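Peer 1: next input, structure requested:
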Amino acid sequence: MLRKLRIAAAVLYFALITLLFLDFTGVMHTWFGWMAKIQLLPAVLALNLAVIIALALLTLLFGRVYCSVICPLGVMQDIISWFSGKRKGKKNRFTFKKENKWLRYGVLVLFIVLMVAGLNAVAILVAPYSAYGRIATALFAPLYGWGNNLLAAISSHFGSYAFYPTEVYLKSLPVLIVAIVTLVVLVILAWKGGRAWCNNICPVGTVLGLLSRFSLFRPVIDTGKCINCGLCGKRCKGSCIDTKNHRIDYSRCVVCFDCLKNCSSGAIKYRLAFGPSSNKASGEDGTPQKAAPSSNKAQNVDGGRRAFIVGTALVAGAVTVEAKKKKLAEGVARLEDKQMPPRTVLPVPAGSISRKHFYQHCTACQLCVSECPNKVLRPSASLTTLMQPEMHFDQGFCRIECNRCSQVCPAGAIKPVDSIADKSAIQIGHAVVIPDNCVVNRDGVNCGNCSRHCPTGAITMVASEANPKLRLPAVNPEQCIGCGSCEFHCPARPVSAIYVEGHEVHKER
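Peer 2: A predicted model of the protein is given here:
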């Protein structure tokens, strides 16, 4: 029964947190956004003490339940391992392996040193939540988008608009490459070794393993009932059950309850590990004790006779929003793509406080990137901030009324910005004009696009010295908030005549 409950909870949690990365409507975050915020590393970076204490207590009470239910990367490994075990003759494919302390704690120490040194871009390569976020965003999201577009095409053919198409594009080549490499490594390790990644590389698993050594409830071997068949060890994906010495390495046990299911003699029970009731069972030293006689054999029968039905109905609410496809009219030339302007400092989203704060707390999980409705956030290709988001304004601009990135960030890299008034007061950068690129000087025609689309009125059109009939943009840096609307709407190609220069530390106007 415990195993079934654990699997049901893990599958439900895994499905919902995956949808957080795939959903482009923002509906999922309204109800399930908290799931990302209870991940351990984001909670630590956000200094969310309530979550940190709750996860620590959960581990001290019940063991590494976090790894078997809450961590999406761990659940994904269980799924891969489950498929591997379905092969003929591969059920009993695991053996006990001694803890590789040098590798486990070496990776943990290196991870902490890199995080303290501010080299998050390197450290987060092995962070479990971030790794899964990159896999979901770079690999699963395009498939989800294409599936949605297929349904949109089918429904529109029959005159229904229950689905609307969305653009699917490559957000970042480095993220795609890292996601593919990570997935390949995980598949190989999980296919052959079950939870090998969790118990050798994952820093979160190592930290929780230190706590789970002292968990109150844990699987305990009753040596009086054990018939030494070794089946529990052969099917333990954590490779942590030493069947010869009747020992379990609780620092590597992920509390999957597979050993309880596979023990035919009922010698393994998940129960309170301390106190008088534990005397009849073997402890970590493996000393055998006589088993108390059972008064009723039926007590050993698993409660599997009782029907356990878990219904998880995720109804993707059909978004009934009227949408029209934007098409280029026949005979109209396609605009030339914009190139990156000569920006010295790339801006970071409102709520980040400063670039230093943003990059020290960001785990590059890609959640804000996948949720940005304006296509402004994109993963960085720079080695110092690899895969961490940065702002670009060639496909959209940061709208004043949008605060989605600040609402979904689980690590505190982007603090919540609750209202339009709050966001319109934050200066993340300021606009800079390149007169030689402006169509007013280059083509001798009036434009004013940047001024018309400026939401704060920071851009005014002033008379050109060369030709008073023509008007050039002038920026008031105290009024500008760096939203990028001017840069996005500027018709100059290949480089905009106006662009946003980011601020190292955000200001309030």
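Peer 1: low pLDDT regions in the stretch 151-300 of the chain?
Peer 2: Low-confidence segments of the stretch 151-300 of the chain (pLDDT under 70): 275-300.
Peer 1: quick one, helices of it?
Peer 2: 173-193, 196-200, 203-212, 231-234, 258-262 (DSSP state H, counting those that start in this stretch).
Peer 1: buried sites along the second one?
Peer 2: Pointing back at helix 196-200 there. By 16 or more other Cβ atoms under 10 Å, the buried positions in helix 196-200 come out as Ala196, Trp197, Cys198, Asn199, Asn200. For glycine as for every other residue, the C-beta is placed from the backbone atoms N, C-alpha and C.
Peer 1: point out the other helices and strands that it packs with.
Peer 2: Contact here means 3 or more Cβ pairs under 8 Å, 6 or more residues apart in numbering; DSSP states H and E; on that basis helix 196-200 packs against helix 72-85, helix 101-116, helix 173-193, helix 203-212.
Peer 1: any idea which of those helices is most buried?
Peer 2: Comparing the helices and strands packed on helix 196-200 by mean neighbour count (mean count of other Cβ atoms under 10 Å), helix 203-212 comes out on top with a mean of 23.
Peer 1: grab the nearest non-local neighbour of Ala179.
Peer 2: Once flanking residues are discounted, Ala179 sits nearest to Ala138: 3.9 Å by Cβ to Cβ, 6 or more residues apart in numbering.
Peer 1: thought Val175 was touching that neighbour, still the case?
Peer 2: Yes - using Cβ atoms under 8 Å, Ala138 is in contact with Val175, at 5.1 Å.
Peer 1: mutual contacts of the two, please.
Peer 2: Taking Cβ atoms under 8 Å, 6 or more residues apart in numbering as the criterion, Ala138 and Val175 both touch Gln366.
Peer 1: now stretch 140-159, how far from the centre of its chain.
Peer 2: Remark: stretch 140-159 is offset 24 Å from the chain centroid, using Cα atoms, centre = their mean, to the nearest Å.
Peer 1: with stretch 369-381 instead?
Peer 2: On Cα atoms, centre = their mean, the centre of stretch 369-381 falls 14 Å from that of its chain.
Peer 1: which residues sit against it?
Peer 2: Contacts with stretch 369-381, where a contact means Cβ under 8 Å, 6+ apart, come from 21-24, 26, 29, 136-137, 141, 167, 171-175, 346, 349, 364, 366, 368, 386-393, 395-399, 402, 404-405, 408, 484.
Peer 1: the strands in the chain, which residues?
Peer 2: Using DSSP state E, the strands of the chain run over residues 217-221, 241-242, 247-248, 268-272, 377-379, 389-391, 426-433, 459-463, 471-475, 498-508.
Peer 1: point out the most buried one among those strands.
Peer 2: Sort the strands of the chain by mean neighbour count, taking mean count of other Cβ under 10 Å, and strand 389-391 sits at the top with a mean of 26.
Peer 1: partners of that one in the sheet?
Peer 2: Strand 389-391 has its sheet partners listed here by DSSP bridges as strand 377-379 (antiparallel).
Peer 1: measure the residue positioned nearest the centre of the chain to Arg247 for me?
Peer 2: The centroid of the chain falls nearest to Gly133 when counting by Cα atoms, centre = their mean (3.2 Å). Distance from Gly133 to Arg247, counting by Cβ to Cβ, to the nearest Å: 36 Å.
Peer 1: repeat that for Leu57.
Peer 2: Going from Leu57 to Arg247 by Cβ to Cβ gives 26 Å.
Peer 1: low-confidence ranges, this protein, go.
Peer 2: Counting by pLDDT under 70, the chain has low-confidence residues at 275-335.
Peer 1: can you give me the domain assignment for it?
Peer 2: The record's domain parsing of the chain by automatic domain parsing lists 2-216, 428-509.
Peer 1: would you agree Leu367 is in contact with Leu20?
Peer 2: Yes - using Cβ under 8 Å, Leu367 makes contact with Leu20 at a distance of 6.7 Å.
Peer 1: quick check: neighbours shared by those two?
Peer 2: Ala36, Val408.
Peer 1: for those two, indicate the residue with more neighbours.
Peer 2: Set Leu367 next to Leu20 and count neighbours by other Cβ atoms under 10 Å: Leu367 wins out with 27 against 22.
Peer 1: excluding its backbone neighbours, what's nearest that one?
Peer 2: Nearest to Leu367 is Val408, by Cβ to Cβ, 6+ apart, at 5.2 Å.
Peer 1: and for Val433?
Peer 2: Using Cβ to Cβ, 6+ apart and skipping the chain neighbours, the partner closest in space to Val433 is Ile498 (5.1 Å).
Peer 1: which ones are touching the one you found?
Peer 2: Contacts for Ile498 (Cβ under 8 Å, 6+ apart) come out as Ala431, Val432, Val433, Ile434, Cys438, Cys450, Ile459, Pro473, Val475, Cys486, Glu487, Cys490.
Peer 1: Leu151 now?
Peer 2: Phe163.
Peer 1: and it, how far is that from Tyr169?
Peer 2: Separation of Leu151 from Tyr169 (Cβ to Cβ) stands at 19 Å.
Peer 1: same list, the strands of the chain, but as CSV with distance to Ile38 please.
Peer 2: Output for the strands of the chain, formatted as CSV (distance: least, Cβ to Cβ, whole Å):
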stretch, distance to Ile38
strand 217-221, 21
strand 241-242, 29
strand 247-248, 27
strand 268-272, 23
strand 377-379, 23
strand 389-391, 21
strand 426-433, 27
strand 459-463, 43
strand 471-475, 43
strand 498-508, 28
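Peer 1: what about Gln360, how many neighbours?
Peer 2: Using other Cβ under 10 Å, Gln360 is surrounded by 18 other residues.
Peer 1: got it, and Glu465?
Peer 2: Glu465: 8 neighbours (other Cβ under 10 Å).
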